[in-house]
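**Q** Quick one, what's the 3D model for this:
(one chain, ligands or ions: 1)
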Amino acid sequence: MTTRPYVIDEMISAKSIAARIEALSREIAQEFADTEQLVVVGLLRGSFVFIADLVRELRLPVEVDFLEVSSYGNAMESSREVRILKDLRSAIEGRDVLVVEDIVDTGHTLSHVVRLLTSRNPRKLRTIALLDKPSRREADIKADWTGFEIPDEFVVGYGIDYAQANRNLPHIGKVRFTDGG
Ligand code: IMP
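**A** Residues are numbered from 1 along each chain as shown. Got it, this is the predicted structure:
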């Protein structure tokens with residue numbers, strides 16, 4: 001795929017991410033202290049690195065499942081819907097569920113996923129996002145836990161891609177285009 005020329009400037013270090021995940025894991029463990037087994041649901045593909053680090057910090061019995069949805073829109077961005085590309089393997093009725101998202105941007109994805117999973121009657125459903133861009137929000141939603149609030153920049157790394165590249169960067173970087181466009 002052709003992309004514009006760009007460089008990546010570090011925005012959040014791997015060390016800061018690790019420290020934040022440790023703190024968030026303690027809060028999540030408290031919230032779900034009485035769980036039999038927490039179903040941690042990663043939204044593919046951007047959350048795969050985050051969920052891997054998060055579950056290894058969680059001092060709780062967990063299972064891991066994945067959901068893949070695709071946003072598609074017509075001309076009206078605000079009427080975006082999401083389509084399920086890969087559904088959960090587990091039934092979540094009566095269970096404790098934590099949805100793990102990489103970035104909440106407009107919020108349409110998380111909002112649709114929460115609506116979808118709530119309709120399956122979990123006992124308790126909570127959400128966590130590594131990054132939040134509040135200035136971009138269109139849907140009325142906020143994750144229960146957020147790693148970092150960031151400005152309206154295009155970011156990559158730590159699982160997050162630009163044209164499928166850069167998911168393997170250990171830190172979060174900001175994409176800066178160098179063609180002046
Ligand atoms: P939302 O439905 O607009 O909140 O979209 C969230 C999804 O858009 C995220 O899960 C990402 O996959 C993608 N996204 C939003 N911002 C960025 C970014 O800065 N870099 C890469 N992907 C992004």
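**Q** now this structure, which segments are flagged as low pLDDT?
**A** 1, 71-80, 181 (pLDDT under 70).
**Q** and it, which residues reach the ligand?
**A** Contacts of the chain with the ligand, taken as CB under 6 Å from any ligand atom, map to 46, 71, 101-109, 154-155, 160. Where C-beta positions appear, they are placed from N, C-alpha and C, glycine not excepted.
**Q** Filter those down to the buried ones and hand me the PyMOL line.
**A** In PyMOL, a selection of the buried entries from the residues of the chain next to the ligand looks like this (16 or more other CB atoms under 10 Å):
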select buried, resi 46+101+102+103+104+105+106+107+108+109+155+160
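**Q** what ranges do the helices span in the protein?
**A** 14-31, 48-57, 108-118 (DSSP state H).
**Q** Could you dump the ones you listed into TSV with distance to T146 added?
**A** Shown next, in TSV, are those (distance: least, CB to CB, whole Å):
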stretch	distance to T146
helix 14-31	9
helix 48-57	12
helix 108-118	11
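**Q** Find the nearest non-adjacent residue to R83, please.
**A** In this structure, R83 finds its nearest non-sequential neighbour in S70, 5.0 Å apart by CB to CB, 6 or more residues apart in numbering.
**Q** and if you look at I17?
**A** Nearest to I17 is Y158, by CB to CB, 6+ apart, at 6.3 Å.
**Q** residues near that neighbour, how many?
**A** A count of nearby residues for Y158, using other CB atoms under 10 Å, gives 26.
**Q** returning to what we had before: turn the residues of the chain next to the ligand into a markdown table, columns for distance to I17.
**A** Output for the residues of the chain next to the ligand, formatted as a markdown table (distance: CB to CB, whole Å):
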| residue | distance to I17 |
| --- | --- |
| G46 | 14 |
| S71 | 25 |
| E101 | 15 |
| D102 | 12 |
| I103 | 13 |
| V104 | 16 |
| D105 | 18 |
| T106 | 23 |
| G107 | 22 |
| H108 | 25 |
| T109 | 21 |
| F154 | 18 |
| V155 | 12 |
| I160 | 12 |
